[in-house]
Every structure is written in structure tokens, then in C-alpha cells.
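S.K.: could you work out the structure for the sequence below:
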Amino acid sequence: MWFGDSEVALGGVVNLHVVVGLGATGISCMRHLKAAGKEVIAMDSAKAPTGVQVLQQEFPDVKCVVSELDPAILGEAEEIIVSPGVPVAQQAFAGAKAKGIPIIGDIELFVREAKAPIYAVTGSNGKTTVTTLLGLMAEKAGRRMAVAGNIGKPVLELLQEDYEGYILELSSFQLETTDSLAAKAAVVLNVTPDHMDRYTDFEAYRAAKHKIYHHCDNAIVNLDSPDIWQPLDKNSEMISFSLLSQQADYYLQDNKLMQRGKVLVEVKQLALQGQHHYQNALASLAMGEVMGLPVESMLSVLAHFTGLSHRCQLVKTIRGVSWYNDSKATNVGATETAIKSIGELTEGRLLLLAGGQSKGADFSALRSCVASYVSDVILFGEDKEQLARVLNESARLHHVDSLQQAVRLAAELSQSGDQVLLSPACASFDMFANFADRGDQFIKAVEAL
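M.R.: Numbering: from 1, shown residues only. As a prediction, this is how the structure comes out:
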């Protein structure tokens, strides 16, 4: 039976589980809970959730509330399972929290049943790259390990197959609702302000990231940013990486990646150049040590890995101008990293395309790097004026109404030896379906030049 805004009669239901959010994650949770014989009600604040048709086809007997989150039903649950996109701080959950009803996510359901070790990766930037690198390194070594979490298939689907380990990319939203992770190895790559429209302050965001270390066996830590991993559980073994300190287990020295005094590889032999790529490589090597991966396999992957789509991706060089797609840079820290990385490698000018939805971000951290590396900023999107107020003395500013106009203007302004970088520092939903759609449209516009 299906309900819109009408009241659902619980009728003395016991052991009730409420699944909130009916995207791919919510549907995977529904399948998992129903297979375990649980009584489930589905709920979504959208009028037409993406998973409603699937739910109707697979579980026609499941009651579903759409268009609102019903506090009365939530308050009667044994457990509430929320998708990562659902803010648990909203008022609808207040009554359930007051009653001590657990509010968890699919990662928590997964780790309760996972039998193989979990290797967990988070960070404001670079987590998808490191997770992907680890998956490729494991594959190169002939290890059967799954890669999932914030990327790939929903984690609960992994329980149906036999793996010797799980490599999970975890977002702060997923970590908020996970209490039993206890990873074999965990790493926080970096933490810079992001999702400030969802968190009360930066400390709350950092604390969500830090949950990845709770009860982990091996804490892989960034020695350059001790504030993002201290304190650690007393029983966790620590392995460190650093771009700045030779006291770390894995570090950068004289353009070489080092392991405890031993040269592993010269950075010129890596497929990707730039400080943030070296940091990702060091973190991957440290994680790989715990995973028992051969150094030779890991270095082979680093020598051939050319990066992920929409992450500082070289699209094309046209008449001596290189065009980079960094659409995945949806926060200030990611854009700052991209500007520095590409800016340090270019001898010409760097032109930046930026804008979109700010998510409550403070753009002031961009002033210095834009002033140091960027000649022109072409602004588009919902919060372009907010960016303009911050950057008005750091570079020449240009305002356009679309990404396509930004590309055409950049082509007019640039000359041989210059770099054009799409790195928005903003979310994409004002003008695009998602960051990938934004990146694809950028590539299409560049190809049309």
C-alpha cells in the first residue's frame, strides 16, 4: 500500500526498520533488510523518488511515505537507515534521537556482516584517486579485493560474493552514520572546508572524517596535518606519510618517493606530476604496506596511472593551449590544490574557469593561489558574484552566463603555452545534473573549438 502525505497506520508493528532515501543506496538497504526478514517502511522527502518504481516492482507490500519525512513513524522504529544524501540533523529525526533510536547508513549494515578486512579511505580531496589506485595495485598483485563505498556498486551487494578484502572510499556523510567500522587500515588524506551548508562548523566536518580511525588496527596518517588525525585510539598502529617531513615512514625527498630511508621511485617516473599526486602516491604506498601488496606491483601502477575523469584530466592541447577538466573540484581545497599543481608546471599563463553553488563555502583561501598562478578567472553559475567579491584583486575577472561561453572566452584570451583549467570550487547542481555532466559538457565545448 502506498501513501503520499497521508498517515501510515503502524498497526502494532515491532522490530520496524525505516529506510529513508530511495536512490540506489536506499534500494540496496531495502533488499538487504527484506532478505533478512525485517519489517520495513520506506520514506523519502521527494514527491517522486528515483527508486519508487523499483520498490513497487520488487516489494509491492512495503509501505512507503513520499513528499515528507514522518516523525511519528521514525519515532516508532527500531532502527533508521538513511542514505548519505539525507541530513540527519534535520528536525524530522529529533524525536527519534531523543528516544535513542539508532540512525545508521548502509556502511554500518555492511560492516556488521563483512567477514574480510576493510581498508578505508577518506579526505576532502583525493579519496577516489587513492581508492582507485589501491584497487589497481591489488589487482596487479593478483589479490581479489572489492572497491566500493562512495564509488562503484552499493556495498551491501558485495556481501553476496567472496572477497579477501574491501577497499572502501567513505564520505563524511557515510562516516556520520557508521559506528562499527574497525578497519584493518584507515586513512584521512586531508581535510579542507566542504559541505558547510550541512555542518554547523568546520570542526563538525573534521570530526565526521575522523570517525574512520575509530578502533582501526592501522592508522595511516598525514604527518603534515596532525590536527586531522589526533587523537588516535591507543591500540592503533601508526604509519605516516609526508610531503614535508623526512621523519615520516613514507615521504618526499629530492624529488623521490622514500620509504624509511629507502628510495622507491623518482617522481619523474610517475605518470602524474604535482604535489597532490605525490601525496596520493605516498598514502597509497602506506596503505598497500598494510594490505601486504608487493612494492613492485604498486610502483608499476603508479608509473602507468594517468588519473581519473574530471580530476585534473588533460582534455586536449589546441594550438599550444592545454585544457584541463577538474570538474570534480566541488570545494575550495580541491580547486586550490589543482591551481597550485598545474600552476607550478606551466611556463605560460593559467586561466581558471570557476563557479556554481557555493555550499556555504568561504572562498578566501583561493586569494593567495589565484594571485600567484592565475592571470584570468572566468566566472559562471549561481554564486559567481560571491567568488568575484573575493577574487576581485587577485586576477582579471570575466563574467559569463554559461560554461560554453566560458570556454569560448578562454579560447579568445589564451595563447600558445597557456593552460586553461576548469576547477569550479562549487557544486554543479545549479546548471548541471552533477559534476560529471559539467565535465562532459566542458569536454564537448573544448572539442568544438
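
S.K.: is Phe173 in a helix, a strand, or coil?
M.R.: Here Phe173 is recorded as helix under DSSP: H, G, I helix; E, B strand; the rest coil.

S.K.: cool, and Ser375?
M.R.: Here Ser375 is recorded as strand under three-state DSSP.

S.K.: so what's the spatially closest residue to Ser428 that is not a sequence neighbour up against?
M.R.: Using C-beta to C-beta, 6 or more residues apart in numbering and skipping residues adjacent in sequence, the residue nearest Ser428 is Arg438, 4.3 Å away. For every residue, glycine as well, the C-beta is placed using N, CA and C. Applying C-beta atoms under 8 Å, 6 or more residues apart in numbering, one finds that Arg438 lies in contact with Ser327, Gly356, Leu403, Leu422, Pro424, Ser428, Met431, Phe432.

S.K.: for Arg438, phi and psi?
M.R.: Main-chain dihedrals, Arg438, degrees, to the nearest 10: phi -60, psi -50.

S.K.: can you check Val188 too?
M.R.: According to degrees, to the nearest 10, Val188 has phi -110, psi 110.

S.K.: go ahead and confirm it touches His210.
M.R.: Yes. Using C-beta atoms under 8 Å, Val188 is in contact with His210, at 6.8 Å.

S.K.: quickly list what's touching both of those two.
M.R.: With C-beta under 8 Å, 6+ apart, Val188 and His210 have common neighbours Ile228, Trp229.

S.K.: if we can go back for a sec, buried ones among the contacts of Arg438?
M.R.: For these, a neighbour count by 16 or more other C-beta atoms under 10 Å gives the buried set as Ser327, Gly356, Leu403, Leu422, Pro424, Ser428, Met431, Phe432.

S.K.: flag the shaky bits of the stretch 201-350 of the chain, pLDDT-wise.
M.R.: For the stretch 201-350 of the chain, no stretch has pLDDT under 70.

S.K.: what is Phe241 paired to in the beta sheet?
M.R.: Counting by DSSP bridges, Phe241 is bridged to Asn222, Tyr250.

S.K.: let me fix that: Ala120
M.R.: Here Ala120 sits in beta bridges with Leu168, Ala186, going by DSSP bridges.

S.K.: that one against Asn218, yeah?
M.R.: No. Using C-beta under 8 Å, Ala120 is not in contact with Asn218; the gap is 10.6 Å.

S.K.: which of these two has more neighbours?
M.R.: Higher neighbour count among Ala120 and Asn218: Ala120, with 31 against 21, using other C-beta atoms under 10 Å.

S.K.: so how far is Ile378 from the more buried one?
M.R.: 38 Å (C-beta to C-beta, to the nearest Å).

S.K.: ok, now Tyr163?
M.R.: Using C-beta to C-beta, Tyr163 is found at 45 Å from Ile378.

S.K.: sorry, back to before: just the pLDDT at the residue nearest to Ser428, thanks.
M.R.: Looking at Arg438, its pLDDT stands at 97.

S.K.: flag the shaky bits of the stretch 1-150 of the chain, pLDDT-wise.
M.R.: Within the stretch 1-150 of the chain, the ranges that satisfy pLDDT under 70 run 1-14.

S.K.: now the helices for it?
M.R.: When assigned using DSSP state H, counting those that start in this stretch, the helices of the stretch 1-150 of the chain occupy the ranges 24-35, 52-58, 71-74, 94-98, 106-113, 127-140.

S.K.: next one: the stretch 201-350 of the chain
M.R.: Taking DSSP H, counting those that start in this stretch, the helices of the stretch 201-350 of the chain run over residues 202-210, 275-291, 295-304, 332-343.

S.K.: returning to that earlier point: overlap in contacts, Ala120 and Asn218.
M.R.: Shared contacts of Ala120 and Asn218, defined by C-beta under 8 Å, 6+ apart, are found at Ala185, Ala186.

S.K.: what's next to stretch 366-378, contact-wise?
M.R.: Contact partners of stretch 366-378, identified using C-beta under 8 Å, 6+ apart, comprise 332, 335-336, 339-340, 342-344, 349-354, 387, 390-391, 393-398, 400, 406, 409-410, 413, 425.

S.K.: for stretch 359-378, measure first residue to last.
M.R.: Using C-alpha to C-alpha, to the nearest Å, the end-to-end distance of stretch 359-378 comes to 20 Å.

S.K.: next: stretch 106-126.
M.R.: Stretch 106-126: ends 22 Å apart by C-alpha to C-alpha.

S.K.: number the chain from 858, please
M.R.: In the new count, where the first residue is 858, that last one comes out as stretch 963-983.

S.K.: can you pull the buried residues of that stretch?
M.R.: For stretch 963-983, the neighbour count (16+ other C-beta under 10 Å) marks 963-968, 971, 974-983 as buried.

S.K.: same thing with stretch 1265-1281?
M.R.: 1265-1268, 1270-1271, 1275-1281.

S.K.: out of the residues you listed, which is nearest to Ala946?
M.R.: The nearest member of the buried residues of stretch 1265-1281 to Ala946, counting by C-beta to C-beta, is Pro1281 at 26.0 Å.

S.K.: any idea how far Glu965 is from Asn982?
M.R.: 25 Å.

S.K.: I should have written Ser1229 there, sorry.
M.R.: Distance, Ser1229 to Glu965, by C-beta to C-beta: 43 Å.

S.K.: cool, and Ala977?
M.R.: Remark: distance between Ala977 and Glu965 (C-beta to C-beta) = 13 Å.

S.K.: same deal with Leu993?
M.R.: Here Leu993 is placed at a distance of 27 Å from Glu965 (C-beta to C-beta).

S.K.: likewise for Phe1286?
M.R.: Separation of Phe1286 from Glu965 (C-beta to C-beta) stands at 27 Å.

S.K.: for Ala1284, give the beta-bridge partners.
M.R.: Gln1214.

S.K.: show me the contacts for it.
M.R.: Contacts of Ala1284 (C-beta under 8 Å, 6+ apart): Thr1187, Gly1213, Gln1214, Ser1215, Lys1216, Phe1292.

S.K.: distance to Lys1113 added to those residues, as CSV?
M.R.: Shown next, in CSV, are the contacts of Ala1284 (distance: C-beta to C-beta, whole Å):
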residue, distance to Lys1113
Thr1187, 32
Gly1213, 38
Gln1214, 41
Ser1215, 39
Lys1216, 38
Phe1292, 34
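
S.K.: farthest pair in the residues you listed?
M.R.: Within the contacts of Ala1284, two members stand farthest from each other by C-beta to C-beta: Ser1215 and Phe1292, at 14.5 Å.

S.K.: returning to that earlier point: just the ones of the buried residues of stretch 1265-1281 in strands?
M.R.: Among the buried residues of stretch 1265-1281, the residues falling in strands (DSSP state E) are Gln1276, Val1277, Leu1278, Leu1279.

S.K.: thinking again about what came up before, ok, so of the buried residues of stretch 1265-1281, who is nearest Gln1104?
M.R.: The closest of those, once distances to Gln1104 are taken by C-beta to C-beta, is Ser1280, at 32.2 Å.
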